[in-house]
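> Pasting a predicted model and its sequence here:
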Amino acid sequence: MSDFDVLDCHHHVADVFGPSGAGPDGDGGLVGDRETRLATMDRNGIGQAVVIPGHSYLRPNGLADTRRVNDTVAAYRDAAPDRFPAAVGVTEPLYGHAGLGEIDRCADELGLRGISIHARFHGVSVGSPLVRAIVERCGERGLVPFVHAIGEAANEALWQVQELGRDFSDLTLVVLDAFSSFEQCQQALSVGELAPNLVFDTSLAYTFDLVEPFVRRHGASRLVFGTDLYSAPLGYRRTHVLGQILDSDLPDDDKRQILAANTRRILNLPNGEAAA
């Protein structure tokens, strides 16, 4: 445990292997999910987390199903706002203009702080005009795009995220999972230089030793702490990267930025308080 404020920017409320919101206890399993999640956070010294729906939810009813998962993540936040001060929603690029309307609803009705983009589940690439339309609407509505860039997914390639950032240079984009392979740890060094509005999270990093050169080159303001925790049974007992950040030679102010302050700034969250 540490005395540092720790805010995890990357928690999914869903089973990575199946549909979101399914469970045995009438509320989609969310009470048990919350208890397990909070126990995991407490065990690791994580005070708060930003919750995001999973992207593998079934959507035979299209937009109605997307609305359901956004309603669910907002309710998850509202049930424990002291631990989950912000929630991020989803929409589907293949909905076209109708999907943009859901972004408006996330902002106006649900009070969400961002929109998650995970191209490997959307059936498009990050460079698609449909994704660009989502990012543009996020900028108009003051929502932060959370763009997944997992190393093994060609349609989430970091060079495409780079170009997205360059085309929306006045908008902060949070890039998730970018340090998920050795090659991307190296590539992030140049991508960070070419698109200075991109902020990267630590999710799926094998070791912080591969991430620290990014901080040394671009500064602590460009990195946020995230773990990519999913609902049980896929999770973790310990997040080793958190311990490595705390044990690193980075100045304490850099650690504070990475572990919580940057996410609070980007999402406009007050220190240690519940978001409205």
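Yep, that arrived.

> Would you indicate which residues of the longest helix anywhere in the chain are buried?
Ranked by residue count, the top helix of the chain under DSSP state H comes out as helix 63-79. Judged by neighbour count using 16 or more other CB atoms under 10 Å, the buried positions of helix 63-79 are 63, 65-74, 76-77. From N, CA and C alone the C-beta is placed, and that goes for glycine too.

> For L210, what are phi and psi?
In terms of degrees, to the nearest 10, the main-chain angles of L210 are phi -90, psi -10.

> That one reaches F179, doesn't it?
Yes: using CB atoms under 8 Å, L210 is in contact with F179, at 6.4 Å.

> Comparing those two, which shows the higher neighbour count?
F179 (28 against 16; other CB atoms under 10 Å).

> hmm, back to that, the longest helix of the chain packs against which elements?
strand 7-13, helix 30-44, strand 48-53, strand 86-90, helix 97-108 (3 or more CB pairs under 8 Å, 6 or more residues apart in numbering; DSSP states H and E).

> what packs against the longest one?
Meaning helix 30-44. strand 7-13, strand 48-53, helix 63-79.

> can you state the direction angle for the second one and strand 7-13?
Here strand 48-53 runs at an angle of 30 degrees relative to strand 7-13 (axes from the mean of the first three to the mean of the last three CA atoms, to 10 degrees).

> contacts for strand 48-53?
With CB atoms under 8 Å, 6 or more residues apart in numbering as the test, strand 48-53 has contacts from 6-14, 20, 37, 41, 69-70, 72-73, 76-77, 82-90, 113, 116, 146, 229, 260, 263, 267, 272.

> can you put the buried residues of helix 63-79 in CSV and add distance to T172 and pLDDT?
Listed next are those as CSV, based on distance: CB to CB, whole Å; pLDDT from 0 to 100:
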residue, distance to T172, pLDDT
L63, 27, 97
D65, 29, 96
T66, 24, 97
R67, 26, 97
R68, 28, 96
V69, 24, 95
N70, 21, 97
D71, 26, 97
T72, 26, 95
V73, 21, 96
A74, 22, 97
Y76, 24, 96
R77, 21, 97
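
> which among these gets closest to G192?
The nearest member of the buried residues of helix 63-79 to G192, counting by CB to CB, is V73 at 28.9 Å.

> List the contacts of D209.
Q244.

> nearest to A205, of the buried residues of helix 63-79?
Checking the buried residues of helix 63-79 against A205 by CB to CB gives V73 as the nearest, at 24.6 Å.

> In the helix-or-strand element of the chain with minimal mean pLDDT, which of the residues would be classed as buried?
Every helix and strand of the chain was ranked by mean pLDDT, DSSP states H and E. The lowest is helix 30-44, at a mean of 92. By neighbour count on 16+ other CB under 10 Å, the buried set for helix 30-44 is L30, D33, R34, R37, T40, M41, N44.
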